[in-house]
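Visitor: The sequence and its predicted three-dimensional model are supplied below.
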Amino acid sequence: MKSLTLPILQSRQHFPVLDGLRGVAALAIVIFHFMEIVFTDFTQNIIGHGFLAVDFFFCLSGFVIGYAYDNRLEEMGILEFFKSRIIRLHPLVLFGSVLGLFAFLFDPFGGQPFIFSTGKIILLFISSALLIPFPAMEERAFNLFGLNAPSWSLFWEYVANIFYAFILARLHRKYLVILAIIAAILLGVVAYRAGSLMGGWAGDNFWDGGARIFYSFIAGLLVYRFKWTIKNNLGFFGLSILLSLAFLMPFFSYSWLAELAVVLFYFPLIIALGVGTKVHERLTGLCHFSGKISYPLYMTHYSAIWMFNHYYSTYKPQGKELSLLIIAGVMVLLCLAYLAMVWYDLPVRKYLSRKRIKSDLPK
C-alpha cells in the first residue's frame with residue numbers, strides 16, 4: 001500500500017463560527033430532549049423544533065466532508081477515508097453505548113432492566129456499539145438504539161459517508177443538483193405524510209432518517225462545491241441567534257411546510273453565512289471549544305434524559321424546582337461531555353491516529 005505522509009492524514013483548518021454553531025445546535029438538542037419529557041404535547045414546547053438541529057448537523061457534515069476530503073480523497077484512498085471517519089466518530093459511539101448500558105441497569109429513579117433477558121441486553125449493547133439498528137424496547141418507543149437514542153443519526157452519518165466515498169466525491173456538481181432536487185421532493189413527501197420532519201429515530205419511521213440526511217448532506221456538499229459564501233458581519237452571536245430561531249419556531253397548521261423550508265433553504269443559508277463571517281479574536285477560543293464539545297455532548301446526554309423521565313414521572317416537579325432541575329441537568333451534562341472529551345475521546349483518537357501512522361510507515 002502506498003505510504004501516507006502526515007499532511008494527508010491531518011484535518012484541514014476549521015471555520016470557527018461553524019464550529020461554534022455546532023455547539024449551539026448540540027445544546028439545543030439537549031434542552032429539547034429535557035423539554036419534550038415535560039411537554040408531551042410537543043406543540044407546547046418552547047423549543048419544540050429543537051429536533052431540526054439534527055438536520056443542521058447533516059447539512060454541516062456535508063459541507064465539512066466536502067471541504068476536508070474532496071481534494072484529497074483520491075490521494076488518500078477510500079480505506080484511509082473510512083479509517084479517518086471511524087477514528088473521529090466511533091470512540092464516542094462506544095462510550096455512549098457503555099454509558100447507556102450502565103444507566104439502563106442502574107437507573108436510581110426507575111426503569112425495568114429485570115424484564116429483559118441477559119441475552120437481549122447483550123444484543124442491545126452489541127447493536128448499539130456496532131451501530132446496527134435494533135428497535136426492540138417497547139418502553140423506549142422502539143428507538144433504533146435503545147441504549148443510546150441519538151446513535152440513530154450516527155447510523156445515517158455512516159451511510160452518507162459510504163455514499164460520499166464511492167459516489168458523491170466523484171460526482172459532478174450538476175448531477176449533485178439533480179440528486180438534491182430528488183431528495184428535496186422525497187423530503188417534502190415525508191414531511192407532508194408524517195406532518196413533521198421529526199422521524200428517523202424509531203423502527204416505524206426508520207426511512208424518514210434516510211430522507212433527512214439524503215437532502216441535507218448533499219445540500220451542505222453543494223454549498224462547498226459551489227463556493228457559496230455570503231460575506232457578512234453577523235459573527236458568532238448573530239448567527240447563533242438566527243440558528244436558534246429555527247429551533248424556537250412555534251407550531252401552527254402548516255408547521256411541516258415551515259420545517260421543510262428551514263431544512264431546504266435556511267440551514268444551507270446559515271452555513272454560507274457562517275463561512276462568510278468573521279469571528280472576533282476573543283471569541284475564537286469559545287467557538288473552538290463549542291465545536292469540540294458538541295459531539296461528546298450529543299453522544300453522552302441521553303442516558304440522563306431517561307433518568308430525568310423516570311424522575312419526572314415519579315415526583316412531578318413543577319415551577320421553580322423543575323426549572324432548576326433542568327438547568328442543573330444541562331450543566332452536569334456539559335461537565336460530563338467535557339470529561340468524556342478530555343479523558344476519553346481525545347486521548348483515544350490521538351492513540352489510534354498514532355497507531356495508524358506507524359502502521360503505514362515502510363517496514
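Guide: Cool, the structure landed. Note that the structure is a prediction, hence the values are computed from the model and not measured.
Visitor: any weak-confidence spans in the protein?
Guide: Within the chain, the ranges that satisfy pLDDT under 70 run 1-13, 359-363.
Visitor: Show me which residues of the helix ranked longest in it are buried.
Guide: Of all segments of type helix in the chain, defined using DSSP state H, the longest is helix 78-105. Buried residues in helix 78-105, counted by 16 or more other CB atoms under 10 Å: 80-81, 83-85, 87-101, 103-104. C-betas here are computed from N, CA, C, even on glycine.
Visitor: Would you pull up how far it lies from the middle of the chain?
Guide: Taking CA atoms, centre = their mean, to the nearest Å, the mean C-alpha location of helix 78-105 is offset from the chain mean by 13 Å.
Visitor: and what of stretch 222-235?
Guide: Here the centre of stretch 222-235 is set off from its chain's centre by 22 Å, with CA atoms, centre = their mean.
Visitor: What lies in contact with it?
Guide: With contact meaning CB atoms under 8 Å, 6 or more residues apart in numbering, stretch 222-235 is reached by 17, 59, 62-63, 66-67, 70, 173, 176-177, 180, 238, 242, 268-269, 271-273, 275-280, 283.
Visitor: Recalculate using a threshold of 7 Å.
Guide: Stretch 222-235 is contacted by residues 63, 66-67, 173, 176-177, 180, 268, 271-273, 275-280 when judged by CB atoms under 7 Å, 6 or more residues apart in numbering.
Visitor: List the contacts of the closest residue to residue 216 other than its chain neighbours.
Guide: Nearest residue to residue 216 in three dimensions, chain neighbours excluded: residue 58, at 3.6 Å (CB to CB, 6 or more residues apart in numbering). Residues near residue 58 by CB under 7 Å, 6+ apart: 212-213, 216-217.
Visitor: Just name the closest of those residues to residue 314, please.
Guide: Nearest to residue 314 among these, counting by CB to CB, is residue 212 at 33.9 Å.
Visitor: Surely the closest one and residue 194 touch.
Guide: No - with contact defined as CB atoms under 7 Å, residue 212 does not count as touching residue 194 (11.0 Å).
Visitor: Pick out whichever of those two has more residues nearby.
Guide: residue 212 (28 against 14; other CB atoms under 10 Å).
Visitor: tally of neighbours for the closest residue to residue 341 other than its chain neighbours?
Guide: Excluding the flanking residues, the one nearest residue 341 by CB to CB, 6+ apart is residue 296, at 4.3 Å. Using other CB under 10 Å, residue 296 has 26 other residues around it.
Visitor: Just to check, residue 296 is in contact with residue 343?
Guide: No - using CB under 7 Å, residue 296 makes no contact with residue 343, being 10.4 Å away.
Visitor: can you pull the buried residues of stretch 252-266?
Guide: For stretch 252-266, using 16+ other CB under 10 Å, the buried residues are 255-256, 258-260, 262-264, 266.
Visitor: downstream neighbour of the helix or strand harbouring residue 64 in the secondary structure list?
Guide: Residue 64 belongs to helix 53-69 when assigned by DSSP states H and E. As assigned by DSSP H and E, the chain's next helix or strand after helix 53-69 is helix 73-76.
Visitor: Is residue 250 part of a helix or strand, or is it coil?
Guide: Residue 250 falls in the coil class when you classify it by DSSP: H, G, I helix; E, B strand; the rest coil.
Visitor: just to revisit the earlier point, farthest-apart pair in the contacts of residue 58, please.
Guide: 212 and 217 (9.1 Å).
Visitor: on that earlier part again, which among the buried residues of stretch 252-266 gets closest to residue 204?
Guide: Nearest member of the buried residues of stretch 252-266 to residue 204, counting by CB to CB, is residue 256, at 17.5 Å.
Visitor: residues contacting the closest one?
Guide: Residues in contact with residue 256 (CB under 7 Å, 6+ apart) are 191-192, 195-196.
Visitor: Could I get the residues you listed in a markdown table, plus columns for distance to residue 207 and neighbour count?
Guide: Shown next, in a markdown table, are these (distance: CB to CB, whole Å; neighbours: other CB atoms under 10 Å):
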| residue | distance to residue 207 | neighbour count |
| --- | --- | --- |
| 191 | 13 | 25 |
| 192 | 15 | 12 |
| 195 | 16 | 12 |
| 196 | 15 | 21 |
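Visitor: Including distance to residue 326 and secondary structure, could the residues you listed go into CSV?
Guide: Formatted as CSV, those follow (distance: CB to CB, whole Å; DSSP: H, G, I helix; E, B strand; the rest coil):
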residue, distance to residue 326, secondary structure
191, 29, helix
192, 33, helix
195, 27, coil
196, 23, coil
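Visitor: Now flag whichever of those residues is closest to residue 168.
Guide: When the contacts of residue 256 are compared for distance to residue 168 (CB to CB), residue 191 wins out at 23.3 Å.
Visitor: if I look at that closest one, how far off is residue 197?
Guide: 5 Å (CB to CB, to the nearest Å).
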